[in-house]
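1. model the structure of this input:
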Amino acid sequence: MTSIKNVLLAGIAVTALMAGGAAHAETINGALARAYASSPDLNAQRASLRATDEQVPRAKSGYLPRVTASSSLGQANSVLSNISSPYDLTTTPRTVGVTVTQNLYNGDRTSSQVDAAEKGVLASRSGLRYAEQQVLLNGATQYMNVVRDEAVVQLRTANIDVLKEQLRQTQDRFNVGEVTRTDVAQVEAQLAAAEADRSSAEANLESSRAAYQQVIGVAPSGLVEAEPVAKRLPVSIEEAFKIGDAENPQLVASRINVEIAEAQVRLVEGEFKPSVDLQGSASQGWESKYPGDTGHDFRLLGQLSMPIYEAGEISARARAAKETLGQRRLESDSARDQVRSGVAAAWSQYETANARVKSAKAQIAAATIALNGVQEEAKVGQRTTLDVLISDQNLLSAHVNLVTAQRDRVVSSYQLLAAVGRLSASNLGLSVKAYDPTAHYAATKGRITGTDVAGQ
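-> Just a heads-up that it's a prediction; the model follows:
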């Protein structure tokens, strides 16, 4: 009786050779590079960051003067009739002027706005890092799902081949009276169940392929088995906690949001303070009173304004800003706890996956020995056909368990890397140009004119 082990191993070996010799084999790093370069979600987050960059020059505009120009043109008609010499006078009054206003002091509101805007950029960069991690983690997950499901389909197909051969042998033995019709029916039932299992596995594979194409951007082809990113992981859970506390983008963003809230409190409280402006103006007029009349006006004024009573509106916003600050601090504490919980869970999942791989390999070794023994005993009548079928399925299950555990080990390693905040294209060494979020900021932070967008 043909051993399922031999068929399975032969099928896996052929698949490995085909994958190794494929002209367009795809590695997990290659797939992740595709996702990084073409992900619409990641590109949308980058655009959002560039929009946030523009808040900095907007806030800095409070340091600069405001210049306005004005002009007027009209016609005036004056009629005097109740005097000894009445007249009808028509003129065309015209004026042009320019006004320059420079704020000298506004209760440090401008500096608070700039501080909040710059902190907002840093928070958005952390948001971009988080989005990058999610794209790469999703890409790695879908890659390994396809690898797993392809292997499962191959295992199910090999199992069907074994059962077909077993059915043929059992039928021959039935024809010569060595076994009963029950033995034949048992193999037929097992074959039907195996074909149903393969159909289910093929459906899972098609679903995984569709998800892969959505995330990576191309259909999967010649995917190569991947290894965990073990060399890039922390060596202990204590180190993982330390790294996560310092680098997890969600936690970093929550701390920056506290600083933004503090700046907002200072901004609102600045409205209670006086504001000092320096204003200069120059204007030229013609025919303001009579034909041929001209005149000009030059002024330099200092303006001081001080809120005396604001009907409680500023006070309410100040109290609200302080409550928001308290909320951000609580959210930061919660984010820290969530990150630590996520790191602990990811560490546990990775350790469990490693243990499952070892167990699955031991299970395969034991199931192989058991199958060989049962087959030999069946030849001398000490085992039934059902015993052989059960041993066959135990070995098949062991192989499926190994494939699943290997998938989980790789995915959990990426999850752990993301949990500590180090899952990035640069850290993975992907062959793709890494997006530099500081380039656009450097190009736009000092711009005071123009509506064209800076380089992407």
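2. which strand or helix spans the residue positioned nearest the centre of the chain?
-> The centre of the chain sits closest to Ala131, judged by Cα atoms, centre = their mean, with a distance of 1.8 Å. Following DSSP states H and E, one finds Ala131 within helix 109-175.
3. repeat for Ser78
-> Take DSSP H and E as the rule and Ser78 turns out to sit in strand 76-80.
4. buried residues, the very next helix or strand once past that strand. List them.
-> Scanning forward in sequence from strand 76-80 by DSSP H and E, the next helix or strand is strand 87-91. Using 16 or more other Cβ atoms under 10 Å as the test for burial, strand 87-91 gives Thr91. Just so you know, the C-beta spots here come from the backbone N, C-alpha and C atoms, and that holds for glycine as well.
5. can you list contacts of strand 87-91?
-> The contact list for strand 87-91 (Cβ atoms under 8 Å, 6 or more residues apart in numbering) reads 75-80, 287-291, 293.
6. ok, back up a step: just checking: what are the partner strands of the strand holding Ser78?
-> Using DSSP bridges, the strands paired with strand 76-80 are strand 87-91 (antiparallel).
7. what's the following helix or strand after the partner strand?
-> Tracing the chain past strand 87-91, the next element assigned as helix or strand by DSSP H and E is strand 94-105.
8. and that following strand, what does it pack against?
-> strand 66-73, strand 275-286 (3 or more Cβ pairs under 8 Å, 6 or more residues apart in numbering; DSSP states H and E).
9. who wins for proximity to Lys379 among the ones you listed?
-> For Lys379, the closest of those is strand 66-73, at 98.8 Å, according to Cβ to Cβ.
10. mind listing residues that contact that closest one?
-> Residues from elsewhere that reach strand 66-73 (Cβ under 8 Å, 6+ apart): 92-102, 283.
11. got the angle for it vs strand 275-286?
-> Between strand 66-73 and strand 275-286, the angle comes out at 30 degrees (axes from the mean of the first three to the mean of the last three Cα atoms, to 10 degrees).
12. ok and strand 66-73 relative to strand 94-105, angle-wise?
-> Orientation note: strand 66-73 sits at an angle of 160 degrees relative to strand 94-105 (the same axes, to 10 degrees).
13. direction included, what does strand 66-73 pair up with?
-> For strand 66-73, the paired strands and their directions (DSSP bridges) are strand 94-105 (antiparallel).
14. list the buried ones in the partner strand?
-> Of the residues in strand 94-105, 95, 97, 103 count as buried by neighbour count, 16+ other Cβ under 10 Å.
15. quick check: mean pLDDT of it?
-> Strand 94-105 shows a mean pLDDT of 95.
16. in the contacts of strand 87-91, which residue is surrounded by the most others?
-> Per-residue neighbour counts (other Cβ atoms under 10 Å) across those peak at Glu287, which has 19 neighbours.
17. so how far is Arg299 from that one?
-> Glu287 sits 22 Å away from Arg299, going by Cβ to Cβ, to the nearest Å.
18. sort the contacts of strand 87-91 by pLDDT and name the bottom one.
-> Among the contacts of strand 87-91, Leu80 carries the lowest pLDDT, at 71.
19. separation between that one and Lys289?
-> For Leu80, the distance to Lys289 (Cβ to Cβ) stands at 13 Å.
20. doesn't Leu325 make contact with Ala261?
-> Yes: Ala261 lies in contact with Leu325 (Cβ atoms under 8 Å); the separation is 4.0 Å.
21. and the two? Which one has more around it.
-> Neighbour count, other Cβ under 10 Å: between Ala261 and Leu325, Ala261 has more, with 22 against 19.
22. returning to that earlier point: dump the strand holding Ser78 to PDB, keeping only the CA atoms.
-> Once non-C-alpha atoms are left out, strand 76-80 reads as follows in PDB (Å, rounded to 0.1, in the frame of the first residue of the first chain):
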ATOM      1  CA  ALA A  76     -19.900 113.600  -7.800                       C
ATOM      2  CA  ASN A  77     -22.300 116.400  -8.700                       C
ATOM      3  CA  SER A  78     -22.800 119.400  -6.400                       C
ATOM      4  CA  VAL A  79     -25.600 121.900  -7.100                       C
ATOM      5  CA  LEU A  80     -25.900 125.200  -5.100                       C
END
